[in-house]
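Colleague: Have a look at this fold, sequence not included:
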């Protein structure tokens, strides 16, 4: 709920009577151990906890999610076998949080244990924090200094991070900035800079009011709807003939019992409150044989640290997945804008604070697209003659896209998994939405003091500065290349020794080094030391005697920052951004790079601490963690809404198939 109006979230709309979850069509009961919890299963989970006497009407539920069965159980499971259905539950009673497991197959509740950290944020806590701020006399006095009353503003509680300070101990803290209630579509155009409340959610009390002085409030509302843009600009671009994707023959995608099949691919998809969309059992067809590629792939964590040391900004070091939840803020996708109109749309089932299920309609779209590129082509000059021209031989490329969009505060993140007919998978993140903005005294860079005010950001509109920040996305990639005996390899391009009698004096050769332990399986991608990174099954034999594998190609996704991962607490909590690639042995309880409990975490349970064990990872069931990111130095073209910027990486077969799999694509009729 970071930096957003609370009534714009699906869960808040429920609370306000805006959406009736029961009006949506619930997916059928699970057909596979990794399928998402159904509405009925969520209801049953809460009912069993109530019957056990551990929860009551005042209990809040930060997290209700499928507890995945043991991997061996899933891989051995067949339709008709007893289906393990265990639910992981985090719940809050008073100022304490607890963790348990509910076994739906046996209708039993496991041991109740106190949570080992702070649970994810909840809607009720946002509302509490807002009420504590606007109902406080000192805070109201700060608003009055700015010519405002509490009813003139809305406040946006934000996670306060953790910095190892004594005043953080024993508290569940949020910091509360406010904005002037908008008269346009833009909720962020008029920040009330310099005034913040600090709230302890566990105590239900306002801890402190910070007022660093009055800053002018921007005058322009900067609405971005079509009507508002037309009113502001006086006109829109001339109408043009639209270029649209279409599929008049119908979809080639089949979804049966939760299994999604298309071309040479099959996989399962579900939504989870924390990571958002989770893909499992990703197999590819090689001739008549289905082969394993990935057991599972999903977003692990999102880290967004801002670079402004001001008292109102230094603590903005958000862990968008672990603190807020990418699945919580999945938004309905709009046909013709977010996805083609012909796409297949699937709902996502999450839950409300009271444990009741909530269905988000059209949360996932699945569609094919042909953007006019060839999958392959060749024009043969020697096949031409004076009397006959032979056209280029080639095949059209079609892709399958699995897309979701999460609005975590002012940012909208699109997450795409793109399947190709040549065996590739692209993992892409599109960032759009609105910049987080800071009120400023200046209206132009020609004003006095402009250089100092924009030291940590960019003036993007009169009285508005967008501070510099980073975006890091960590993905968990559990490869099972033809099984689980996998090894991660770095194949570097190194100088070759010149052949004495050859005129050529410089060439390169490949040098492949396997990662034997976790500390040796961390890699910083550096263009000055070119290399390929790939996962191989050393016990299987691919074509021509090769070991089958998949390569990870970084594309445009590599980003590092000059952070202190030892002494700076936000970076210690998110030290997985120090390297692009990490590798660990598979452990069911090591699911998120930021640890099980991200809210006010201290950095002792993270990917970086796990690999300190330096466990062996050669020829075993390994998990690869990929951190992608980008640095955002804002600019005027970002305002009032940002153009979508895509970053991503590629998973590409490497001696996996006997030939180019796209060879068998048919020409269009």
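Modeller: It's in. This one's a predicted model, so the numbers in the text were calculated from it and none came from an experiment. Numbering: from 1, shown residues only.
Colleague: From one end of stretch 175-183 to the other, what's the distance?
Modeller: Start-to-end span of stretch 175-183 (C-alpha to C-alpha, to the nearest Å) is 25 Å.
Colleague: Show me which residues of it are buried.
Modeller: For stretch 175-183, burial by neighbour count (16 or more other C-beta atoms under 10 Å) applies to 175, 176, 177, 178, 179, 180, 182. Using the backbone N, CA and C atoms, a C-beta is placed for each residue, glycine as well.
Colleague: Name the nearest of those residues relative to residue 525.
Modeller: Checking the buried residues of stretch 175-183 against residue 525 with C-beta to C-beta, the nearest one is residue 175 at 35.1 Å.
Colleague: and the closest one, bridged to which residues?
Modeller: With DSSP bridges applied, residue 175 shows beta-bridge pairing to residue 158, residue 198.
Colleague: My guess is it contacts residue 157. True?
Modeller: Yes. Residue 175 is within contact range of residue 157, at 7.4 Å (criterion: C-beta atoms under 8 Å).
Colleague: Export the buried residues of stretch 175-183 to CSV and append columns for secondary structure.
Modeller: Conversion of those to CSV gives the following (DSSP: H, G, I helix; E, B strand; the rest coil):
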residue, secondary structure
175, strand
176, strand
177, coil
178, strand
179, strand
180, strand
182, coil
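Colleague: what sits in contact with each of residue 175 and residue 157?
Modeller: By C-beta atoms under 8 Å, 6 or more residues apart in numbering, residue 175 and residue 157 have these common neighbours: residue 199.
Colleague: before we move on, the earlier item: is it possible to get a markdown table of the buried residues of stretch 175-183 that adds pLDDT?
Modeller: Formatted as a markdown table, the buried residues of stretch 175-183 follow (pLDDT from 0 to 100):
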| residue | pLDDT |
| --- | --- |
| 175 | 98 |
| 176 | 98 |
| 177 | 97 |
| 178 | 97 |
| 179 | 98 |
| 180 | 98 |
| 182 | 95 |
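Colleague: in a helix, that's where residue 213 is, yeah?
Modeller: No. Assessed with three-state DSSP, residue 213 is coil; it does not lie in a helix.
Colleague: what about the closest residue in space to it that isn't next to it in sequence, neighbour count?
Modeller: Nearest residue to residue 213 in three dimensions, chain neighbours excluded: residue 194, at 5.3 Å (C-beta to C-beta, 6 or more residues apart in numbering). By the measure other C-beta atoms under 10 Å, the count of residues near residue 194 is 20.
Colleague: Residue 594 too?
Modeller: Neighbour count for residue 594, taken as other C-beta under 10 Å: 26.
Colleague: Check the one 5 residues further on too.
Modeller: Residue 599 has 24 neighbours, counted by other C-beta under 10 Å.
Colleague: And the helices in this protein?
Modeller: Using DSSP state H, the helices of the chain run over residues 10-15, 39-52, 71-76, 123-134, 137-145, 226-233, 450-453, 569-573, 607-610.
Colleague: of the ones you listed, which approaches residue 634 most closely?
Modeller: The minimum distance between residue 634 and the helices of the chain falls on helix 450-453, with 13.8 Å, by C-beta to C-beta.
Colleague: Let me see the mean pLDDT of that closest one.
Modeller: Averaging pLDDT along helix 450-453 gives 98.
Colleague: Give the buried residues for it.
Modeller: For helix 450-453, burial by neighbour count (16+ other C-beta under 10 Å) applies to 450, 453.
Colleague: Give me the residues contacting it.
Modeller: Under C-beta under 8 Å, 6+ apart, the answer for helix 450-453 is 440, 441, 442, 444, 459, 465.
Colleague: For PyMOL, write the selection for the buried entries among the residues you listed.
Modeller: Isolation of the buried members of these (16+ other C-beta under 10 Å) is achieved in PyMOL through the command below:
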select buried, resi 440+442+459+465
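Colleague: In the contacts of helix 450-453, find the pair that's most separated.
Modeller: Greatest spacing in the contacts of helix 450-453, by C-beta to C-beta: 444 and 465 (12.3 Å).
Colleague: what is in contact with those two at once?
Modeller: Common neighbours of residue 444 and residue 465 (C-beta under 8 Å, 6+ apart) are residue 459.
Colleague: if I read this right, residue 93 contacts residue 62, doesn't it?
Modeller: No. In this structure, residue 93 is not within contact of residue 62 by C-beta under 8 Å, at 11.7 Å.
Colleague: Which elements pack onto the lengthiest strand in the chain?
Modeller: Criterion DSSP state E: the longest strand present in the chain is strand 289-305. Applying 3 or more C-beta pairs under 8 Å, 6 or more residues apart in numbering; DSSP states H and E, we find strand 289-305 packed against strand 276-286, strand 317-319, strand 411-420, strand 469-479.
Colleague: Just put these in TSV and tack on distance to residue 543 and mean pLDDT.
Modeller: Formatted as TSV, the helices and strands packed on strand 289-305 follow (distance: least, C-beta to C-beta, whole Å; pLDDT from 0 to 100):
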stretch	distance to residue 543	mean pLDDT
strand 276-286	10	98
strand 317-319	43	98
strand 411-420	19	98
strand 469-479	19	98
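Colleague: and among these, the most buried is which?
Modeller: Highest mean neighbour count of those: strand 317-319, a mean of 26 (counted as mean count of other C-beta atoms under 10 Å).
Colleague: ok, it: who's next to it in the sheet?
Modeller: strand 289-305 (antiparallel).
Colleague: Give me the residue ranges of the chain where confidence is low.
Modeller: Low-confidence segments of the chain (pLDDT under 70): 1-30, 669.
Colleague: change it to 90
Modeller: For the chain, the stretches flagged by pLDDT under 90 are 1-31, 79-80, 82-83, 94-95, 233-234, 242-245, 257, 409, 542-543, 668-669.
Colleague: which parts of stretch 94-101 are buried?
Modeller: For stretch 94-101, by 16+ other C-beta under 10 Å, it's 97, 98, 99, 100, 101.
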